[in-house]
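J.: no sequence for this one, just the structure:
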């Protein structure tokens with residue numbers, strides 16, 4: 001067997017190793033990206049969990065791009081209405097300057113990550129499904145060393161989200177205290193669960209033995225998730241939004257996801273003239289699109305229609321017609337055949353709940369206020385949850401192939417916008433574009449709007465003339481995302497880029 005050449009950008013070294021292991025088993029970019037993400041859900045506790053949602057953007061070497069939507073759904077089919085509004089634990093912390101979210105069993109949405117990954121593997125995978133779990137199972141069972149990114153998040157949530165459930169507290173904290181970077185973390189229960197998913201497939205999580213344990217625990221502890229919700233879940237294959245930028249054709253995550261529509265709107269508004277795309281112009285576009293999102297898209301009953309309406313609005317009026325998550329992980333992979341795969345996964349800020357003793361820490365998609373602007377538990381069961389995730393693939397006129405994405409809640413789109421502008425429009429190197437200082441137009445809870453930016457003389461000078469107040473962060477701040485990208489240049493050269501804002505790892509084989 002000849003091993004496929006590929007470039008991978010992943011959240012940590014073990015995740016990158018998992019991608020390489022999938023390639024050695026006969027896989028390509030899709031197998032490598034899935035294996036790396038499965039491992040990341042084990043080795044980045046709090047940042048992401050296997051009981052969350054994911055989007056997989058795939059552009060095969062031959063054929064059109066697709067997005068496999070494995071995002072979370074609103075549960076509650078057949079549940080007693082008395083459970084609505086229950087099972088929620090309010091959490092206040094200092095992340096990003098102050099954040100309120102809700103954890104607990106009532107915050108857990110129907111997970112779609114494994115269903116989405118298996119659908120992408122069924123369509124495009126070439127390595128055996130079970131081989132994609134090898135490194136993740138070993139990491140959970142034998143232990144992994146607590147990384148810098150996950151530990152920095154644990155500092156914020158160890159005494160709250162990680163401590164209310166005894167099983168979670170025992171694995172991820174030192175009796176409620178923060179574990180240091182490098183601490184060995186083991187979860188035998190999670191290893192057993194992953195072994196079962198590797199052997200019998202994702203269906204067990206939805207209609208099998210694992211599903212039974214999950215539902216029993218939810219009923220006992222007051223969550224909304226039911227057997228009917230799990231059995232009804234299906235991944236959805238969607239046509240991405242296509243946008244031209246410089247010499248690139250970019251495929252973005254389509255509605256009902258919010259992130260891809262917002263990114264596409266920003267890219268289309270900012271224009272294709274490098275001379276006109278300044279920091280001030282970019283900030284102006286950020287504000288215009290994010291204002292529209294906040295006032296109209298986030299509160300819409302139909303997210304899919306609202307996302308397309310946003311794009312139609314900017315197409316017909318430009319900026320003049322516009323009103324004035326959290327914790328995620330991303331993997332990018334491209335292979336020598338020209339297939340690219342970008343996977344972004346999220347469990348929100350985490351519910352803290354070890355669901356059914358499986359070692360799977362539940363998401364808190366129902367408790368994220370920025371993704372539930374109609375109110376907590378307000379959606380109809382079966383509704384896809386809102387999402388900031390925006391995994392993106394691309395093809396260049398010279399034959400180049402790109403996979404790119406980022407974690408970072410509502411900073412996902414602004415981080416990607418800036419990197420893509422520097423790389424696709426200004427022809428900077430990919431790593432140079434990732435390294436550049438970033439900014440983000442931030443809507444504060446009190447209604448004020450300001451520009452947050454990483455300390456940079458260039459950005460400070462460039463933004464001085466615009467009207468919004470400025471708020472300076474330290475350089476390379478985790479707040480501004482963690483862009484991971486993989487590239488096959490037009491001449492066939494493979495490379496991968498890692499963001500210094502998070503402890504990413506790359507591998508090129």
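T.: Thanks, I have the structure now. In this text the structure is predicted, and so the values were computed from the model without any measurement.
J.: need the helix or strand of this structure with the lowest average pLDDT.
T.: helix 303-317 (a mean of 63; mean pLDDT, DSSP states H and E).
J.: give me the distance between the helix or strand that comes right after that one and the centre of its chain.
T.: The helix or strand immediately downstream of helix 303-317 is strand 328-335, counting by DSSP states H and E. Here the centre of mass of C-alpha atoms in strand 328-335, compared against the chain's by C-alpha atoms, centre = their mean, to the nearest Å, lies 10 Å away.
J.: parallel or antiparallel, which strands does strand 328-335 pair with?
T.: When pairing is defined by DSSP bridges, strand 328-335 lines up against strand 6-10 (antiparallel), strand 340-346 (antiparallel).
J.: mind putting these into JSON lines with distance to residue 384 and mean neighbour count?
T.: No exception for glycine: its C-beta is placed from N, CA and C like everyone else's. As requested, the strands paired with strand 328-335 are exported to JSON lines (distance: least, C-beta to C-beta, whole Å; neighbours: other C-beta atoms under 10 Å):
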{"stretch": "strand 6-10", "distance to residue 384": "26", "mean neighbour count": "32"}
{"stretch": "strand 340-346", "distance to residue 384": "13", "mean neighbour count": "33"}
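J.: distance to residue 289 added to these, as CSV?
T.: Listed next are the strands paired with strand 328-335 as CSV, based on distance: least, C-beta to C-beta, whole Å:
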stretch, distance to residue 289
strand 6-10, 26
strand 340-346, 19
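J.: show me what contacts residue 227?
T.: With C-beta atoms under 8 Å, 6 or more residues apart in numbering as the criterion, the residues that contact residue 227 are 78, 211, 212, 215.
J.: what packs against the helix or strand that contains residue 220?
T.: Secondary structure from DSSP H and E places residue 220 in helix 209-221. Helices and strands touching helix 209-221, by 3 or more C-beta pairs under 8 Å, 6 or more residues apart in numbering; DSSP states H and E, are helix 188-200, helix 204-207, helix 227-232.
J.: next, the angle helix 188-200 makes with that helix.
T.: Using axes from the mean of the first three to the mean of the last three C-alpha atoms, to 10 degrees, the direction of helix 209-221 lies 140 degrees away from that of helix 188-200.
J.: what residues of helix 209-221 count as buried?
T.: 210, 211, 213, 214, 215, 217, 218, 219, 221 (16 or more other C-beta atoms under 10 Å).
J.: just to revisit the earlier point, how about the helices and strands packed on helix 209-221 in JSON lines, adding distance to residue 442 and mean pLDDT?
T.: As requested, the helices and strands packed on helix 209-221 are exported to JSON lines (distance: least, C-beta to C-beta, whole Å; pLDDT from 0 to 100):
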{"stretch": "helix 188-200", "distance to residue 442": "35", "mean pLDDT": "98"}
{"stretch": "helix 204-207", "distance to residue 442": "37", "mean pLDDT": "98"}
{"stretch": "helix 227-232", "distance to residue 442": "34", "mean pLDDT": "98"}
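J.: just to revisit the earlier point, between the contacts of residue 227, which sits nearest residue 398?
T.: In terms of C-beta to C-beta, no member of these lies closer to residue 398 than residue 211, at 47.9 Å.
J.: could you find the closest non-adjacent residue to that closest one?
T.: Across the structure, with C-beta to C-beta, 6 or more residues apart in numbering as the measure, the residue nearest residue 211 apart from its sequence neighbours is residue 230 (4.9 Å).
J.: quick one: closest of the helices and strands packed on helix 209-221 to residue 142.
T.: Evaluated over those, closeness to residue 142 peaks at helix 188-200, with 8.3 Å, by C-beta to C-beta.
J.: off-centre distance for the closest one?
T.: Here helix 188-200 shows a centroid-to-chain-centroid distance of 23 Å under the convention C-alpha atoms, centre = their mean.
J.: now residue 485: which helix or strand?
T.: Here residue 485 is covered by strand 484-488, with elements defined by DSSP H and E.
J.: partner strands of that strand, with direction?
T.: For strand 484-488, the pairing partners within the sheet under DSSP bridges are strand 401-405 (antiparallel), strand 494-497 (antiparallel).
J.: quick one: mean pLDDT over it.
T.: Throughout strand 484-488, pLDDT has a mean value of 98.
J.: starting at the chain centroid, how far to it?
T.: Taking the mean C-alpha point of strand 484-488 and that of its whole chain, the gap between them comes to 16 Å (C-alpha atoms, centre = their mean).
J.: packing partners for the strand or helix carrying residue 122?
T.: Taking DSSP H and E as the definition, residue 122 sits inside helix 113-124. Under the contact criterion of 3+ C-beta pairs under 8 Å, 6+ apart, helix 113-124 touches helix 29-43, strand 53-59, strand 66-70, helix 204-207, strand 340-346.
J.: partner strands of the third one, parallel or antiparallel?
T.: Partners of strand 66-70 in the sheet, by DSSP bridges, are strand 53-59 (antiparallel), strand 236-238 (antiparallel).
J.: okay, buried residues for that strand please.
T.: Buried residues in strand 66-70, counting neighbours by 16+ other C-beta under 10 Å, are found at 66, 67, 68, 69, 70.
J.: same check, this time on the shortest one
T.: Buried residues in helix 204-207, counted by 16+ other C-beta under 10 Å: 204, 205, 206.
J.: okay, these in JSON lines with distance to residue 387 next?
T.: Supplementary listing: these in JSON lines, determined by distance: C-beta to C-beta, whole Å:
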{"residue": "204", "distance to residue 387": "25"}
{"residue": "205", "distance to residue 387": "20"}
{"residue": "206", "distance to residue 387": "20"}
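J.: list just the nearest of those to residue 503.
T.: Closest to residue 503 out of those is residue 205 (28.9 Å), distances taken as C-beta to C-beta.
J.: sorry, back to before: export the buried residues of helix 209-221 to CSV and tack on distance to residue 450 and pLDDT?
T.: Converted to CSV, the buried residues of helix 209-221 look like this (distance: C-beta to C-beta, whole Å; pLDDT from 0 to 100):
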residue, distance to residue 450, pLDDT
210, 45, 98
211, 46, 98
213, 46, 98
214, 42, 98
215, 45, 98
217, 43, 98
218, 40, 97
219, 45, 95
221, 40, 96
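J.: looking at the residues you listed, which is nearest residue 195?
T.: Compare each of the buried residues of helix 209-221 with residue 195 using C-beta to C-beta and the shortest gap goes to residue 210, at 11.3 Å.
J.: apart from its chain neighbours, what residue comes closest to that closest one?
T.: Leaving out its chain neighbours, the residue that sits closest to residue 210 by C-beta to C-beta, 6+ apart is residue 204, at 4.9 Å.
J.: correct me, but that neighbour touches residue 195?
T.: No: under the criterion of C-beta atoms under 8 Å, residue 204 makes no contact with residue 195, lying 11.0 Å away.
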